[in-house]
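**Student:** Here's a sequence, model it:
(one chain, ligands or ions: 1)
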Amino acid sequence: MYEQISHSLLNEILDELQPNAYERRRDLQHFYTRLGANFYAIHNLFERLYGQRDDFELQMQRLVETLVRKYMHRPRELKDLDIAREKDHNWFLSQKWVGMALYSAGFAGNLRNMAAKTPYFQELGINLVHIMPILKCPVGKSDGGYAVSNFREIDERIGTLEDLQTIADEFGKRDILLVLDVVVNHTSDEHEWAQKAIAGDKKYQDYYYIFDNREIPDMYEQSMPEIFPESSPGNFTWNETMQKWVMTVFHNYQWDLNYSNPAVFIEMIDVILFWINQGADIIRLDAVAFLWKKIGTTCQNEREAHLLLQLMKDCCQVVAPGALFIAEAIVAPVEIIKYFGEDAIIAKECEIAYNATFMALLWDAIATQNCKLLTQGLKSLPGKLERATWLNYVRCHDDIGLGYDDNDIRAAGYDPFAHRQFLIDFYTGSYPGSFASGVPFMRNDKTGDARISGSLASLAGLEKAAQSGNEQEIRIAIDKILLLHNLIMAFGGIPLLYYGDEIGTFNDYSYRDDHDKLGDSRWIHRPTIDWQRVELRKRQGTIEYTLFAALKKMIAIRKETTAFADFNNRHLIDTNNEHLFAFMRFDHNRSSKSVLVVSNFSAEPQTLDLQTLAHEGFGTSGQLIDLYSGQQPVIEEGRLPIQPFHFYWLSEY
Ligand code: GLC
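**Tutor:** Numbers count the residues shown, from 1 in each chain. Sure thing, here's the model as predicted:
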């Protein structure tokens, strides 16, 4: 039934687009197959979201038309890649992928210079690069690139489409994946759609949530939290020209798109496919938790937001099945996992999601020197789907939110409010004796809440240690940085390094002199790379050398270790020692050895009782090797000593 609708729709559209029937059929063979396989789901989802509208059929037709056009414009070599990836559909779960996120301007000045930096990625072992937003944004109202005023035009200060093409080609030749953002939740108020809305165009006013008076906004406000309470309190902004209120959940210049209008969905799928056709292997979908707004709710994680993502995925399956989605959903642990898709074994929304839970838990363990909350928080996480993987990271361009589950905090023996206050004080330097030099982000005086900004090196104590010149403190801070990286490498998922961390880049305080950045402390950790410092990675004895060499080695060993691929092949180990965090990684094919990953978060040496692992069938032979150092660890009477802030990747041989 539905396939018949799609066929006749498709034929009508094709007749208009391409008169040569023979060419058409040959060219579209794969498109037809995929549309056949996915149309039932697409139609079903589109109907659930928009079925009540009089123009439903017309909109459905427009969607199919968009897909076929995009397929026809997809370059031949990318179509071949799609076919290869369909055959090897778990390709991204391999341990071979290691990523880095960067601002092209901060990393290399612009996109043109970036292409020349490709050997640097290869030197370190990076083969997935997330180039942070590159699209046109108003100066001073950019939100670091997340307030887009043109979804198809690259910001001229950053480069051109041609530059991006050069990068995509260069990456393609070297088997490096390109990740680009699509900011799906909102546009800048200077986007053409917003401008037309301001000029009174009803069609474009329907692209946003726009209201004549406070009646409906007030209803929404009753249950909506504030995202940027310090700089943009409230979720609505008054537009003087229109004499209307606009929903602006993030900054007051970021207008939320109204996905209850199918035209918005179709526009945005067109944008997503545009960038996939430019050679993006992976699209990072920004702020996906916010896609659907409903009065009486927090307007986050709504059921319809998931339906929209499923629909986006199904549409991409038809046009570009080789492309993947990353969900950027920094929400409660039990909610994040749903962005892989619900009610299915195979991920039906985003194949990859930021593991914000793990990231925040790691920072708790660094501050407390124990792993109680880390272990508890991970135990509470529901298992994830197959063909889905985490993006594991320590730092990124955003703040660190302390979004732990209150029940987990209590189970770890803390009071939730007091514990969060401790962490905020600890990382923003007001806790006596703290090694961290972070700063608060979006302190909310109404709730006492705050998030944390700061570079990895500064939060882990390297900035203070280097300033004081204390060699031992420097060594400890470096060990902490490596301890954190060992976990994102070994946990299961794609490790995502943040640019500059590979050489220990400190906070950049210059944002305080820039009027446009002053109100947003996240700029403290969005560095401009000093390439002279980067050169120090070649000089033994420097901080840069020590960090870079260690990370390079870790990456190389991860790539060789099949047990580190992500096939839900991890299980947490109860070590009976709150300072140790341990898990076992199995080879999913059972073709090579398991690896025990154990990390000591304490400033004191700890021991792991290997007897506790006997029931795992591990360590009983006493012949263990540390894959990272290549050394046999010393084991004393069945106990493995672990130095402060050290880790092991142990395998039997
Ligand atoms: C995402 C981005 C963040 C931005 C927000 C609003 O969370 O990572 O930097 O401020 O979306 O677009």
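**Student:** use CA for all of it now, contacts and neighbours both
**Tutor:** Will do.
**Student:** quick one: F601 and the ligand, what's the gap?
**Tutor:** Per C-alpha to the nearest ligand atom, to the nearest Å, F601 is found 28 Å from the ligand.
**Student:** Now that residue: phi and psi?
**Tutor:** Per-residue torsions, F601: phi -90, psi 0 (degrees, to the nearest 10).
**Student:** Next: the one 5 residues further on.
**Tutor:** Per-residue torsions, Q606: phi -130, psi 160 (degrees, to the nearest 10).
**Student:** likewise K552?
**Tutor:** According to degrees, to the nearest 10, K552 has phi -60, psi -40.
**Student:** SS state for the residue nearest to F265 when sequence neighbours are not counted?
**Tutor:** In this structure, F265 finds its nearest non-sequential neighbour in Y259, 6.0 Å apart by C-alpha to C-alpha, 6 or more residues apart in numbering. The three-state label for Y259, taken from DSSP: H, G, I helix; E, B strand; the rest coil, comes out as coil.
**Student:** mean confidence score for stretch 96-103?
**Tutor:** In this model, stretch 96-103 has an average pLDDT of 98.
**Student:** nope, stretch 597-609 is what I meant
**Tutor:** Per-residue scores along stretch 597-609 average to 97.
**Student:** remind me, longest helix of the chain?
**Tutor:** helix 29-50 (DSSP state H).
**Student:** what's it packed up against?
**Tutor:** Where contact means 3 or more C-alpha pairs under 8 Å, 6 or more residues apart in numbering; DSSP states H and E, helix 29-50 is packed against helix 2-17, helix 56-72, helix 303-319.
**Student:** Apply 10 Å and report the result again.
**Tutor:** helix 2-17, helix 56-72, helix 262-277, helix 303-319 (3 or more C-alpha pairs under 10 Å, 6 or more residues apart in numbering; DSSP states H and E).
**Student:** Go through it and flag the buried ones.
**Tutor:** Neighbour counts over helix 29-50 (16 or more other C-alpha atoms under 10 Å) mark 30-32, 34-36, 38-43, 45-46, 49-50 as buried.
**Student:** OK, contacts around the closest residue to K559 other than its chain neighbours?
**Tutor:** Nearest residue to K559, sequence neighbours excluded (C-alpha to C-alpha, 6+ apart): K96, at 4.6 Å. Residues near K96 by C-alpha atoms under 10 Å, 6 or more residues apart in numbering: 125-128, 494, 555-562, 564-565.
**Student:** Could you say which of these is surrounded by the most neighbours?
**Tutor:** Most neighbours among those, by other C-alpha atoms under 10 Å: I494, with 31 neighbours.
**Student:** and that one, what does it touch?
**Tutor:** 92-100, 128, 352-355, 389-393, 488, 564-566.
**Student:** Run through these and flag the ones next to the ligand.
**Tutor:** Counting by C-alpha under 6 Å from any ligand atom, nothing from the contacts of I494 sits close to the ligand.
**Student:** Filter the residues you listed down to the ones in strands?
**Tutor:** G99, M100, L128, I352, A353, Y354, T389, W390, L391, N392, Y393 (DSSP state E).
**Student:** Farthest-apart pair in these, please.
**Tutor:** With C-alpha to C-alpha as the measure, no two of the ones in strands among the contacts of I494 lie farther apart than M100 and T389, at 16.1 Å.
**Student:** Counting neighbours, go ahead and name the busier of those two.
**Tutor:** For M100 and T389, the more surrounded residue by other C-alpha under 10 Å is T389, and the numbers stand at 27 against 24.
**Student:** Bridge partners for the more buried one, pull those for me.
**Tutor:** I352 (DSSP bridges).
**Student:** Tell me who's in contact with it.
**Tutor:** Here T389 is in contact with 92-94, 326, 340, 347, 350-355, 492-494, 565-568 (C-alpha under 10 Å, 6+ apart).
**Student:** which ones among the residues you listed are found in helices?
**Tutor:** Using DSSP H, none of the contacts of T389 sit in helices.
**Student:** Quick check on those residues: which are buried?
**Tutor:** With burial judged by 16+ other C-alpha under 10 Å, the buried subset of these is 92-94, 326, 340, 347, 350-355, 492-494, 565-568.
**Student:** who touches the single nearest residue of the chain relative to the ligand in this structure?
**Tutor:** Relative to the ligand, the nearest point of the chain is Y146 (4.5 Å; C-alpha to the nearest ligand atom). By C-alpha under 10 Å, 6+ apart, the contact set of Y146 is 132-137, 181-188, 250, 254, 286-287.
**Student:** The stretch 201-350 of the chain against the ligand: which residues are in contact?
**Tutor:** With C-alpha under 6 Å from any ligand atom as the criterion, the stretch 201-350 of the chain meets the ligand at residues F250, D286, A287.
**Student:** Apologies, that question was intended for the stretch 51-200 of the chain.
**Tutor:** So far as C-alpha under 6 Å from any ligand atom goes, the stretch 51-200 of the chain lies against the ligand at D143, Y146.
**Student:** any idea how far D256 is from the spatially most central residue of the chain?
**Tutor:** In the chain, the residue lying closest to the centroid (C-alpha atoms, centre = their mean) is Y354, at 3.9 Å. As judged by C-alpha to C-alpha, to the nearest Å, Y354 and D256 stand 22 Å apart.
**Student:** repeat for A603
**Tutor:** Using C-alpha to C-alpha, A603 is found at 47 Å from D256.
**Student:** out of these two, which sits in the more crowded spot?
**Tutor:** D256 (28 against 14).
**Student:** Would you map out the domains in the chain?
**Tutor:** Per automatic domain parsing, the structural domains of the chain span 96-184+261-463+476-560, 186-256, 563-652.
**Student:** can you tell which of those domains is closest to K70?
**Tutor:** domain 96-184+261-463+476-560 (6.6 Å).
**Student:** Relative to the whole chain's centre, how far out is the closest one?
**Tutor:** Distance of domain 96-184+261-463+476-560 from the chain centroid (C-alpha atoms, centre = their mean, to the nearest Å) equals 5 Å.
**Student:** For that domain, measure first residue to last.
**Tutor:** End-to-end for domain 96-184+261-463+476-560, by C-alpha to C-alpha: 8 Å.
**Student:** do stretch 194-206 as well
**Tutor:** Taking C-alpha to C-alpha as the measure, stretch 194-206 stretches 10 Å from start to finish.
**Student:** Show me the contact partners of that stretch.
**Tutor:** Residues contacting stretch 194-206 (C-alpha under 10 Å, 6+ apart): 149, 187-193, 207-208, 210-211, 239-244, 246, 254-255, 257-261, 263-264.
**Student:** Now intersect the residues you listed with the helices, please.
**Tutor:** Short answer: those in helices (DSSP H) are E192, W193, A263, V264.
**Student:** Among those, which one has the most neighbours?
**Tutor:** W193 (22 neighbours).
**Student:** Chain neighbours aside, what residue packs nearest to it?
**Tutor:** Closest to W193 by C-alpha to C-alpha, 6+ apart is Y204, at 5.6 Å.
**Student:** so C315 touches A37, yeah?
**Tutor:** No - counting by C-alpha atoms under 10 Å, C315 does not reach A37; the two are 11.1 Å apart.
**Student:** hmm, back to that, now do the contacts for the residue nearest to the centre of the chain.
**Tutor:** 284, 326-330, 336-337, 339, 389-393, 493-494, 496.
**Student:** hmm, back to that, tell me the mean pLDDT for the longest helix of the chain?
**Tutor:** On average, helix 29-50 scores 93.
**Student:** In PDB, please show the C-alpha coordinates belonging to it.
**Tutor:** The C-alpha trace of helix 29-50 is given here as PDB (Å, rounded to 0.1, in the frame of the first residue of the first chain):
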ATOM      1  CA  GLN A  29      18.600   1.500  -8.900                       C
ATOM      2  CA  HIS A  30      20.100   1.700  -5.400                       C
ATOM      3  CA  PHE A  31      17.800   4.600  -4.600                       C
ATOM      4  CA  TYR A  32      14.800   2.600  -5.500                       C
ATOM      5  CA  THR A  33      15.900  -0.400  -3.400                       C
ATOM      6  CA  ARG A  34      16.600   1.700  -0.400                       C
ATOM      7  CA  LEU A  35      13.400   3.700  -0.700                       C
ATOM      8  CA  GLY A  36      11.500   0.500  -1.000                       C
ATOM      9  CA  ALA A  37      13.100  -0.800   2.200                       C
ATOM     10  CA  ASN A  38      12.600   2.400   4.100                       C
ATOM     11  CA  PHE A  39       9.500   4.000   2.800                       C
ATOM     12  CA  TYR A  40       7.100   2.200   5.100                       C
ATOM     13  CA  ALA A  41       9.000   3.700   8.100                       C
ATOM     14  CA  ILE A  42       9.300   7.100   6.500                       C
ATOM     15  CA  HIS A  43       5.700   7.300   5.600                       C
ATOM     16  CA  ASN A  44       4.700   6.000   9.000                       C
ATOM     17  CA  LEU A  45       6.800   8.500  10.900                       C
ATOM     18  CA  PHE A  46       5.900  11.400   8.700                       C
ATOM     19  CA  GLU A  47       2.200  10.600   9.300                       C
ATOM     20  CA  ARG A  48       2.600  10.300  13.000                       C
ATOM     21  CA  LEU A  49       4.200  13.800  13.000                       C
ATOM     22  CA  TYR A  50       2.200  15.500  10.400                       C
END
